[in-house]
Structures are given as structure tokens and as C-alpha cells.
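Chemist: Sequence and predicted model, in that order:
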Amino acid sequence: MAFERIHFAASSAPSAQEALARLTARYGQSAAAQADVIVALGGDGFMLHTLHDTLHLAAPVYGMNRGSVGFMMNDFAEDDLPARLEAAERTVIHPLRMRATTVNGMSSEALAINEVSLLRMTFQAAKLRILVDGRERMPELICDGCLIATPAGSTAYNLSAHGPILPIESNLMALTPISAFRPRRWRGAILPHDAVVTIEALEEAKRPLLAVADSHEVRQVAKVEVAFHPQIEIGLLYDPGHGLNERVLKEQFLSDGK
């Protein structure tokens with residue numbers, strides 16, 4: 001596929017802004033709504049920001065690393081960009097949809113490409129009740145919090161919390177506790193793509209919770225419901241042999257993060 005109309009977006013980092021100036025001078029700049037492809041210049045955080053901003057567009061996103069880690073990005077190079085885009089392999093991912101209800105009965109919805117996290121807001125541990133598809137699976141989890149991660153997000157916060165790495169095309173989600181106290185040895189669960197996870201706060205007035213869908217925060221949460229949003233497809237482009245599938249697979253064989 002030829003990508004003739006390119007929209008470049010860049011983080012505020014000096015290296016990203018310099019790259020933006022050079023690339024737009026060389027390849028032009030199309031409006032995002034008319035573009036065939038979105039090229040994101042920055043790190044993983046900016047990539048997530050770009051994906052959220054362009055969810056309503058059909059154009060896929062091709063990231064080039066102008067940040068630090070760059071797990072979701074391609075290597076940066078100015079030359080032969082149209083050829084790289086044409087040769088790129090497409091990966092489709094789906095976000096999670098979070099519906100959070102506060103202790104005051106207010107409802108809020110947000111999408112998460114990486115994960116939905118529930119975190120304690122005070123010095124006291126959170127107490128959570130977990131249901132899957134309406135059936136109680138854990139009557140009480142005492143912890144700092146827990147998260148539900150997509151395959152794309154399983155190598156981010158989920159991995160830091162000792163959750164499993166999920167292959168991109170596995171149609172699974174990871175439910176991972178954060179510093180679980182009781183049950184002490186519970187390491188979480190791997191759930192099917194069509195599961196609906198409901199997490200309720202126990203003693204919500206005494207032990208308030210913060211719910212976070214990527215960067216969208218909801219405070220004083222009493223309950224969250226999380227499920228994949230299969231109707232929303234997010235297209236990502238990667239250089240041949242360097243797609244998310246390969247990156248996730250390599251991550252499983254790394255030693256000490258190297």
C-alpha cells in the first residue's frame with residue numbers, strides 16, 4: 001500500500017521536535033484527518049498519546065523512536081521513509097474499555113491500550129472483590145492494587161508487577177495483583193479475550209481507590225468493569241521482522257532486562 005499523505009506528530013522532546021522539522025520539510029505534512037498514515041516521533045508514552053488521539057481515524061500509526069525505551073517504536077531514520085512505510089507489516093490491537101463507578105454513584109468510561117489499574121489512595125491496603133463474567137472468583141484480595149493488561153501492555157506495568165507476558169495475537173488479558181498481601185501467593189490470572197472483569201472496592205470509604213485507564217484517572221472508585229472493545233481496531237505499522245509479535249517474544253527470553 002502506498003502512503004502518499006503523511007501526518008507527522010512529535011513529542012515535546014528536543015530530539016523529536018528536530019526530527020519533526022526535518023521530516024516535514026522533506027516529506028510534507030498532511031492534516032491528520034486526510035492522512036494515509038500517522039508517523040509518531042517520540043517514546044512509548046507519546047505513542048500511547050498518539051494512538052488515543054487518532055482512535056477515530058482509519059490511518060495506521062508508524063512510530064519512530066525519539067524517546068528512551070521505544071518498545072512500541074521503530075528505529076529512527078530520515079531516509080527512504082515512503083519505502084519503509086510501504087514495506088511495513090500491520091498489527092491490529094484492541095483496547096480495553098473501563099467503566100468506573102465512584103462512591104457517589106457517578107459513572108465514567110475510558111479506553112486503555114496498555115492496562116487498567118486500580119491503586120490504593122492512602123496508606124491503607126486496598127481490599128478488593130473480583131468477579132469474572134458475573135461470577136465471584138475472589139471474595140477478598142488485600143493488596144496495593146491490581147491491573148488488567150492487554151497483550152500490548154503486558155510488557156509494561158504488568159511485567160513490572162510480575163504479571164505474564166502475553167503474545168500479541170493470543171486473545172487474552174492478564175489480571176495481575178500489585179503487592180498482594182492476602183492471598184500472599186496469588187500471582188493473578190490469564191483470562192480469555194471475551195471475559196468481563198468486575199472489581200469492587202471493599203470498605204471503599206475507609207480504603208479509597210484510584211482507577212487509571214492508561215492516563216485517564218477516576219478517584220474514589222467503588223467498582224470498575226473492564227472488557228475488551230472488539231469494535232475498535234488500532235492499526236500499528238512495523239518494519240519487517242521487528243513487529244510487536246517479535247518484540248514480545250524476545251522479551252520472554254531476556255535475562256535481567258538485557
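Modeler: Yep, that arrived.
Chemist: Pull stretch 66-75 out as CSV, backbone CA atoms only.
Modeler: The C-alpha trace of stretch 66-75 is given here as CSV (Å, rounded to 0.1, in the frame of the first residue of the first chain):
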residue,chain,number,x,y,z
ARG,A,66,12.9,9.7,19.6
GLY,A,67,12.5,8.8,23.3
SER,A,68,14.2,6.4,25.7
VAL,A,69,12.9,2.8,25.7
GLY,A,70,10.9,2.8,22.5
PHE,A,71,9.4,-0.7,22.9
MET,A,72,6.5,0.2,20.7
MET,A,73,8.6,2.2,18.2
ASN,A,74,10.6,1.6,15.0
ASP,A,75,14.2,2.7,14.7
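Chemist: for residue 9, which residues make a bridge with it?
Modeler: Beta-bridge partners for residue 9, by DSSP bridges, are residue 40.
Chemist: Residue 86 versus that one, what's the distance?
Modeler: 20 Å (Cβ to Cβ, to the nearest Å). Backbone N, C-alpha and C define where each C-beta goes, glycine included.
Chemist: And the two? Which one has more around it.
Modeler: A direct count of neighbours by other Cβ atoms under 10 Å for residue 9 and residue 86 places residue 9 higher, at 22 against 13.
Chemist: Just confirm that one contacts residue 37, I think it does.
Modeler: No: using Cβ atoms under 8 Å, residue 9 makes no contact with residue 37, being 11.2 Å away.
Chemist: So which residues of the stretch 151-258 of the chain form strands?
Modeler: 172-178, 189-192, 197-201, 209-213, 216-219, 221-228, 234-238 (DSSP state E, counting those that start in this stretch).
Chemist: Please state the offset of the longest one from the chain centre?
Modeler: What that stands for is strand 221-228. Taking the mean of its C-alpha atoms, strand 221-228 sits 16 Å from the chain's own mean (Cα atoms, centre = their mean, to the nearest Å).
Chemist: What of stretch 26-33?
Modeler: For stretch 26-33, the distance to the chain centre is 26 Å (Cα atoms, centre = their mean).
Chemist: ditto for stretch 29-37
Modeler: On Cα atoms, centre = their mean, the centre of stretch 29-37 falls 24 Å from that of its chain.
Chemist: swap in stretch 49-58?
Modeler: 13 Å.
Chemist: start to end distance for that stretch?
Modeler: 16 Å (Cα to Cα, to the nearest Å).
Chemist: What lies in contact with that stretch?
Modeler: With contact meaning Cβ atoms under 8 Å, 6 or more residues apart in numbering, stretch 49-58 is reached by 9, 11, 32-33, 35, 38, 40, 42, 61, 63, 95, 111, 113, 214-215, 232, 234.
Chemist: Can you mark which positions in the one helix or strand residue 51 maps to are buried?
Modeler: When elements are assigned from DSSP states H and E, residue 51 belongs to helix 44-53. Buried residues in helix 44-53, defined by neighbour count with 16 or more other Cβ atoms under 10 Å: 44, 46-52.
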